[in-house]
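Trainee: just the structure for this:
(4 chains, ligands or ions: 6)
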Amino acid sequence: MPEPKAFTNANKPTWCPGCGNHAMFLALQRALAELGWEKHEFAMFWGIGCHGNGADFYDVQGFHALHGRALPPAAAYALTRPDQRVIVEMGDGDGYGLGLGHFVHACRRNVSMTVIAHNNQIYGLTTGQASPTTDHLMPTVSTPKGVLEDPINPIGLALAEGATFVARGFAGDIPHLTALYVEALSHDGFALVDVFQPCVTWNKVNTFSWFRERVFKLEETDWVASDRVKAFELSLSTFHELTCAPDTCRIPIGVYYRVEGKPTYEAATPAAAEPGWKHALEPRDVSAIMAKL
Amino acid sequence: MPEPKAFTNANKPTWCPGCGNHAMFLALQRALAELGWEKHEFAMFWGIGCHGNGADFYDVQGFHALHGRALPPAAAYALTRPDQRVIVEMGDGDGYGLGLGHFVHACRRNVSMTVIAHNNQIYGLTTGQASPTTDHLMPTVSTPKGVLEDPINPIGLALAEGATFVARGFAGDIPHLTALYVEALSHDGFALVDVFQPCVTWNKVNTFSWFRERVFKLEETDWVASDRVKAFELSLSTFHELTCAPDTCRIPIGVYYRVEGKPTYEAATPAAAEPGWKHALEPRDVSAIMAKL
Amino acid sequence: MSQHAPYGHEVRIRIGGPAGFGIKAAGQSLARVFAKAGYHTFDLTEYPSLIKGGHNTYHLRVSADPISSHVMATDVLVALDRPSARLHVAELTSGGALIYDPNDFEPDPAEDLAGRDDICLVPVPLSEIVDAAGGVKIMRNVAALGATLGHMGVELDGLEASIREQFAHKAPEVAEQNVAVARGGHEHARSAGCAFPASLPYVEPSQRILVDGHEAVGLGALAAGVGFYAAYPMTPASSLLHFMAKHGDAAGVVVKHTEDEIAAMNMVLGAAFGGTRSMCATSGGGFSLMVEAFGFAGVSETACVVGLFTRPGPATGLPTWTEQSDLRFALHAAQGEFPRVVLAPGDHAQAFEYAWRAFNIADELQTPVILLGDAYLSDNRATTDPFDLDSVEVSRGKLVTEGPLTDHPDALDAEGRYARYQITDDGVSVRVLPGVEGAVQLVNSYEHDGYGYGAQGENAAVRTAQNEKRLRKLALAKDLVPAPNRFGPDDADLSLIFFGSTKMPVTEALRWLHAEGHAVNALQVTTLEPFPTDEVCAFLRDARINLVIEGNATGQLEGLVREKCLHAVHHHLRRYDGRPFSPEQIYAAVKRLLGEPVELTVAGAVAAPKEDA
Amino acid sequence: MSQHAPYGHEVRIRIGGPAGFGIKAAGQSLARVFAKAGYHTFDLTEYPSLIKGGHNTYHLRVSADPISSHVMATDVLVALDRPSARLHVAELTSGGALIYDPNDFEPDPAEDLAGRDDICLVPVPLSEIVDAAGGVKIMRNVAALGATLGHMGVELDGLEASIREQFAHKAPEVAEQNVAVARGGHEHARSAGCAFPASLPYVEPSQRILVDGHEAVGLGALAAGVGFYAAYPMTPASSLLHFMAKHGDAAGVVVKHTEDEIAAMNMVLGAAFGGTRSMCATSGGGFSLMVEAFGFAGVSETACVVGLFTRPGPATGLPTWTEQSDLRFALHAAQGEFPRVVLAPGDHAQAFEYAWRAFNIADELQTPVILLGDAYLSDNRATTDPFDLDSVEVSRGKLVTEGPLTDHPDALDAEGRYARYQITDDGVSVRVLPGVEGAVQLVNSYEHDGYGYGAQGENAAVRTAQNEKRLRKLALAKDLVPAPNRFGPDDADLSLIFFGSTKMPVTEALRWLHAEGHAVNALQVTTLEPFPTDEVCAFLRDARINLVIEGNATGQLEGLVREKCLHAVHHHLRRYDGRPFSPEQIYAAVKRLLGEPVELTVAGAVAAPKEDA
Ligand SMILES: Cc1ncc(C[n+]2csc(CCOP(=O)(O)OP(=O)(O)O)c2C)c(N)n1
Ligand SMILES: Cc1ncc(C[n+]2csc(CCOP(=O)(O)OP(=O)(O)O)c2C)c(N)n1
Ligand code: SF4
Ligand code: SF4
Ligand SMILES: [Mg+2]
Ligand SMILES: [Mg+2]
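Mentor: Ligands and ions are numbered 1, 2, ... in the order given. The predicted model follows:
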């Protein structure tokens, strides 16, 4: 049974001191250790961004994809390696901006994997431009007069498209986040955990303390995570504005929605039953197909 | 005041006899005539697909974009030509498949334009592959065992992302569709009209009669089109399955949701106040900027 | 006076009409009849980018002798509408027949027949025949097929058998109704009254198969053990997706119609990471969207195969037509530099062979391989010797799929740690699949060190070493890729250079030229990257006069040849109107350069040599 | 014995430390001080792809004489951490100084100083100075700047003024606190006790501006009347987005940070359709995603400008470093064939000029123009003569923006109908903007006829005519694009060929070589497409020995030269480790080829000619 530390290597994390990514790094290690996953049993996929720099720090079977493109290779890997589990880490720019199409299609596809979004509401790595989740009217180097679009509602999108596990975490609460990860990793189907991950360098609005004053845990309410419409309504409450005041602007974290037992894509795909490389041990006999031409 | 016919040219439509595109073609001409739009006052943008072949048949200022990419050029045109109105026609494969990211970002962007989706739940032009709105488990040439994903819920997506006018039409009811178009074209902001457009050649399930047995008009109910959550709930009811029976599987058409007065992107963009070409009549004086470097 | 190109014993049939009339399906069943009987066939379907209407044609060449391509000449023209008569009458050979339905139209001698009096009109009341049999409109095709055979004096039993086979899964009445329609057409045509000049000598039945280029590629990929195929439909590549979708599940291939081409290519990388032989295919527009991930395959040393089946561009271009204008794009797509292999099969047999070889090359080099084709190869269907399945080999290169890592010391660094991107002499490192204990690795789109980590990749020495390691594979590739294909005599008056599907008309034209005693040879550049510099330059040096033939406007192969050999190209023949080269066109171009100019007519006939030439 | 390259009267300063320490900002304020005083400056920032930590450096060259690039030598090394000392000590010139904080580390003579005894250690208690002034950690920079000037014996007033200006918008205490810190550093360094050998002669203040490549491009685009700029951030292009975002609204430019590069490029087409001068910019990875729409610009004859500012690939590659490996990609990106213009500015002045010219060329040709740069040009900041704003012209080509269409008979077909894509001799048709009555047109990604309709584009003759029409523009382009830039004597022993930002170190090296009396000349290929075949081939023919210098591994420019001129390249100098060429490296390479080999050291010094050379 691996220790959390087993999943890290000798490379020292280069995230800014105080960055929310450190906490997410720790929480995932703990969740993996708690679940007892062995290194050769799963692979991790990252997009490009500060979150993606984590690929250098994990001691796992890893795939550092292109910006915005972590989901497609992860799905293909899952479908051709039924013996492996899959974790995807993506950024908000990465996963909800450039990669948004893949995200929505992944929700409706329901290939089993856990998708962790490092939602810092900013482009970290490219030095602070607006991301799709940046709050309305927040000024950034790419939008000096403030962002004019409504922020993306990843929870709402996931619900509209039938994702089977939809949750939100906060990097400021490692035990809660670890527990969410454990649930998501144990889910059979597509699981999204959107995590508020304060970027201490570029996002001076949505800071740790900003969130601490606003988040509350769904488990501590009478929330029932099985009503898709209610969950959608709840997601609308997290469209916060720059002016949103701590007392009125309450941000739920926890599991918004989950449904178990919905058939996964891989379950409906007979060819996905065996590792793909086993089909290339020797030439495949195609004489029957050729004979029919 | 132009006649409907004024918007067509000498090219004879090449859509299959009986195709829903013919009706949509007619309905839009009528709406334009009803609104009295002059040809030089607006431009139309198309994606690639059977729907896009319409670009050849309209006598308008037109832009036949790449597959899946009608929305970005339309938005840029709108932002740099405040003197012009914009209509986009896109396909379901085109707009909700390959172009899905642009669609979702367009919803949250709220640049004024009317977006008409030719939703035939199939790829027409490329001979009948599954589209993102093809019903679950429907077999097609690209999915002989049936589509394994849930269909895209365009209405739900638009609602999740803050689109300001969200409607659904049916090519089998031209007067109703014309009226919807008139409303959408009159809307200030981003307006989506998703139109069920039976493809008589490739989609043998979602036919005219299939829809006729199932659609009902929201205007004929007590529907109030201002509740975003209710509208979302309603959108979930149109996730039909192959087996969906006419009596239980009721499909609403009409305006799901509308909100007026939300500031548009262009209204918040001072530079968008004048046609862009007016800035290139002579060299711009940049001495003040240079002096600051 | 015009003469035929030196065709063999053959008959050419064209069926023309609006889209949606089942012209292609009808034509293909005719092809099957002749192929079954032992003839060589080659077809060419031409259609616009729309579903119904427009002008579609299906051209079928049937020959008792081996043939390699389509030709322009037509002996029987079935015109299901007036435009088909008008547009194609000029192709008719002298004595050729025009089959039409007099209820549709009566050809106007001047407008529709261009004043020709050397052709035979064969009016056949197609609709009436169909009606008489109680059939539906689309069955006019079948009546036309019957009429075609009737006019040619060919018995109907082959077609009847084919019809019965085709409708075997339907109620028996359906087949019999179609047979009745075919008979009706057959009888009517026989009574038309003018003799058919061309004839097909009897041949022995053969084992040949009838395949299009994509069936050949698909079979090759399946034989190679492909386990993942992803694509977004795009003409002409879509038919390969359909083929894979049809056969995939039973063969254990995960076939995914993706949300876009970006996802397709990125999925291929993910599946390949897991060790699965993976492929995607598209045409130029889709490939544009794959470019970034294609480069990712390069930097991450991912073995995979990308089918690039081109059509005329730019952008959406001419979706249903053919062109060879993406050669340079295939060679240079994506930022940065990395080894890629580009193979351009020239016909169906090569399509099969290069497809399976591509997977071996990709695995042995751990780099992406492009299979470069075009719509002409993708779509046309020809009789071919059955593919040599026994020749197929699977070679996965330096790959460890299972078992203890310690069995593979060459995969480990000095400390015994697995180093995915260890620097090696040939540029290839041992690839250990995830799932093997200890196979911790990072497949990275960033530059990286020997383990795959990105931060270390920024070191100038590490970067240089990794970049050079990757590029070294091109040297290794030279020994793995197909060598150029040389045809004709060593000593030639004219030497042709070409690539890809142009092989088909070139081979045909060479056959004619050789039959006439001309000393012309040719070199097919089968591998475009790494470029076979030695062979091409030697061929050029030996050439008295050279001629580069390619299906584009800017001379992309010509540029490559100049760059690699510092040798001038004397002549070129280029085509970029969406149509493939015809052998007649190549034949005429060569004859002109040989000082025996002939003039080309639309009918594919060539005017007699000019007196004063 | 090693000698300096023949530098002029100059001082070179390097500040090194972890990211997030404000090294670049500090360095740039130092540059401003010297620039204000009338010196020539050139800086080079090197940093890894992360936000904090890692190893960043800022290198500043200050000279009394004109300079053209950075150099490798360093006279003052400010090491804000131990690795900065260790990594860069070898660059220090003899007598050079190492400034460090003894509370951070005490340099180990062997490990950190490589045993050097010819350098001057300048311990400055940076943190203590900051603490004493009640400042925060990041202000250690300011102390280090003060120390640097102190050691150099330069007065502090320039820096003080610069600090006060920088903090003018904050509370006055902030500025004064920083001034106090700078003073502390200044005093400490003066008391270090070893003399500083280099010196800067007094110069007159000048009007020069201090700009980086993107400010130059941005100014050029603004001057040209750009009205729409769309981009998705990507290093190194992001800074141009920031520049445009900052200045856009006031200047009337709609600046859009888009959801991805696909949207950016497609938006550019939409805005251009409306007649707005439109631009986007990215680096190779983003350009990969723009490829399809770039081809769309080609087929739709859309005037637009695409900035392609490259970095090392493949794929994500080395985001913050430089390379010239996307040349062939820029030339051949996108399916199909269409005219494109590729301009490669070599320095800041050309960046400004080519940027505004690009818009004119795009409009006159109605086709896309690529502005090809790289991170070296994008990021470095140099003193430059103020751009010649009066030279800027706006020429929109055959464009009708307003007024009755009947005033423009050349825009109309025989029936008086507007034909957007009318066939013309030069390939350019009259473009009438939407909004003009009668300007019905279809801008089409399909091949099309004269009005833009797609179905007609499938006709072979129409296709051929439109394809040839577009390609004809390349001939017209020859007269519009910048001609190659020739430097040095006509009669030379060695002739260099290069493109892009390599102009800067080449110019510097040539200056040195000419000063030594070497007859070396050089040709900057400023326009890569259409390739200046005549000029390049003539230059090659005249060259006794030629040397191609380019920042990539496969010799892309070399291949072009071979292809176009059928002329061998004798020597090449390539670099692909993410670093730009230094003038020392080029100088040494040339000296070697001239038979006077010198050896290059990390310090940028060159070892004396070998006795037996
Ligand atoms: C195709 C492409 N475009 C742009 C980039 C540049 N880029 C790298 S990371 C990034 C955004 C990072 O933001 P986010 O995804 O939110 O990640 P974070 O850094 O905040 O974790 C961008 C634009 C890229 N690598 N590839
Ligand atoms: C990048 C790219 N990929 C693929 C295609 C091929 N293609 C053309 S239309 C189409 C799908 C059409 O489906 P849809 O958008 O639903 O339009 P419809 O024909 O049904 O109106 C496809 C895949 C293309 N033109 N460009
Ligand atoms: S820039 Fe922001 S997201 Fe990136 S490492 Fe620093 S704090 Fe974290
Ligand atoms: S294929 Fe379908 S969508 Fe296309 S024209 Fe025919 S009926 Fe309409
Ligand atoms: Mg982010
Ligand atoms: Mg469709």
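Trainee: surely residue C:248 forms part of a strand?
Mentor: No. Going by DSSP: H, G, I helix; E, B strand; the rest coil, the assignment for residue C:248 is helix, not a strand.
Trainee: for residue A:10, see how far away the most far-flung residue of chain C relative to its centre is.
Mentor: Using CA atoms, centre = their mean, the residue of chain C lying farthest from its centre is residue C:415. It sits 50.2 Å away. Distance from residue C:415 to residue A:10, counting by CB to CB, to the nearest Å: 11 Å. Bear in mind the C-beta positions are built from the backbone N, C-alpha and C, glycine included.
Trainee: ok, now residue C:469?
Mentor: 23 Å.
Trainee: the more surrounded of the two?
Mentor: Comparing residue C:469 with residue A:10 by other CB atoms under 10 Å in any protein chain shown, the one with more neighbours is residue C:469, at 20 against 7.
Trainee: where does chain A dip in pLDDT?
Mentor: Applying pLDDT under 70 to chain A flags the ranges A:1.
Trainee: for it, which segments count as helices?
Mentor: Along chain A, counting by DSSP state H, helices occupy A:20-35, A:50-53, A:71-80, A:92-93, A:100-109, A:154-160, A:174-186, A:208-212, A:228-236, A:287-292.
Trainee: closest one to ligand 6 among these?
Mentor: helix A:100-109 (16.1 Å; CB to the ion).
Trainee: ok, and does the closest one reach over to chain D?
Mentor: Yes. Applying CB under 8 Å from any CB of the partner chain, one finds helix A:100-109 touching chain D at residue A:100.
Trainee: likewise stretch C:440-457?
Mentor: Yes. Stretch C:440-457 is in contact with chain D by CB under 8 Å from any CB, via C:444-447, C:454-455, C:457.
Trainee: export those as a markdown table, with columns for neighbour count.
Mentor: Output for those, formatted as a markdown table (neighbours: other CB atoms under 10 Å in any protein chain shown):
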| residue | neighbour count |
| --- | --- |
| C:444 | 29 |
| C:445 | 31 |
| C:446 | 27 |
| C:447 | 26 |
| C:454 | 27 |
| C:455 | 22 |
| C:457 | 27 |
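Trainee: just send those residues back as TSV, with pLDDT and secondary structure too.
Mentor: Compiled in TSV, the residues of stretch C:440-457 next to chain D are given as follows (pLDDT from 0 to 100; DSSP: H, G, I helix; E, B strand; the rest coil):
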residue	pLDDT	secondary structure
C:444	98	strand
C:445	98	coil
C:446	98	strand
C:447	98	coil
C:454	96	helix
C:455	93	helix
C:457	93	helix
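Trainee: can you pick out the most distant pair from those residues?
Mentor: C:445 and C:455 (14.0 Å; CB to CB).
Trainee: residue C:353 and residue C:221 touch, don't they?
Mentor: No. Checked against CB atoms under 8 Å, the pair residue C:353 and residue C:221 is beyond contact range at 11.6 Å.
Trainee: who has more neighbours, these two?
Mentor: Each of residue C:353 and residue C:221 has its neighbours counted (other CB under 10 Å); residue C:221 has more, 29 against 21.
Trainee: just checking, what packs against the helix or strand containing the more buried one?
Mentor: Per DSSP states H and E, residue C:221 falls inside helix C:213-223. Helix C:213-223 is packed against helix A:287-292, helix C:238-251, strand C:304-310, helix C:348-365, strand C:368-374, helix C:375-379, with contacts defined by 3 or more CB pairs under 8 Å, 6 or more residues apart in numbering or on different chains; DSSP states H and E.
Trainee: ok, which of those comes nearest residue D:119?
Mentor: It's helix C:348-365; of the helices and strands packed on helix C:213-223, that one is closest to residue D:119 (CB to CB) at 48.2 Å.
Trainee: where does residue A:214 fall, phi/psi-wise?
Mentor: In terms of degrees, to the nearest 10, the main-chain angles of residue A:214 are phi -120, psi -30.
Trainee: burial of the closest residue to it other than its chain neighbours, as a residue count?
Mentor: Spatial nearest neighbour of residue A:214, chain neighbours left out: residue A:251 (4.6 Å); criterion: CB to CB, 6 or more residues apart in numbering or on different chains. If you count neighbours by other CB under 10 Å, residue A:251 ends up with 18.
Trainee: so what's residue A:251 bridging to?
Mentor: residue A:215 (DSSP bridges).
Trainee: residue contacts, it?
Mentor: The contact partners of residue A:251, by CB atoms under 8 Å, 6 or more residues apart in numbering or on different chains, come to A:196, A:211, A:214-216, A:237-238, A:240.
Trainee: find the residue at the geometric middle of the chain.
Mentor: Assuming you mean chain A. Nearest to the mean C-alpha position of chain A, counting by CA atoms, centre = their mean, stands residue A:116 at 1.9 Å.
Trainee: oops, I was thinking of chain C
Mentor: residue C:377 (1.5 Å).
Trainee: ok, that residue touching residue C:352?
Mentor: No. When contacts are counted by CB under 8 Å, residue C:377 is not listed as touching residue C:352 (11.5 Å).
Trainee: how much space separates residue C:540 from residue C:560?
Mentor: 12 Å.
Trainee: and what of residue C:140?
Mentor: Distance of residue C:140 to residue C:560, computed by CB to CB: 48 Å.
Trainee: ligand 1 contacts on the stretch 51-200 of chain A?
Mentor: Contact residues (CB under 6 Å from any ligand atom) of the stretch 51-200 of chain A with ligand 1: A:51, A:67, A:91-94, A:118, A:120, A:122-126, A:131.
Trainee: okay if I get the residues you listed as TSV plus distance to ligand 3?
Mentor: Compiled in TSV, these are given as follows (distance: CB to the nearest ligand atom, whole Å):
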residue	distance to ligand 3
A:51	7
A:67	14
A:91	8
A:92	10
A:93	11
A:94	12
A:118	7
A:120	5
A:122	7
A:123	9
A:124	3
A:125	6
A:126	10
A:131	11
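Trainee: of the residues you listed, which is the most crowded?
Mentor: residue A:93 (35 neighbours).
Trainee: thought that residue was touching residue A:50?
Mentor: No. Counting by CB under 8 Å, residue A:93 sits too far from residue A:50 to count as a contact (9.9 Å).
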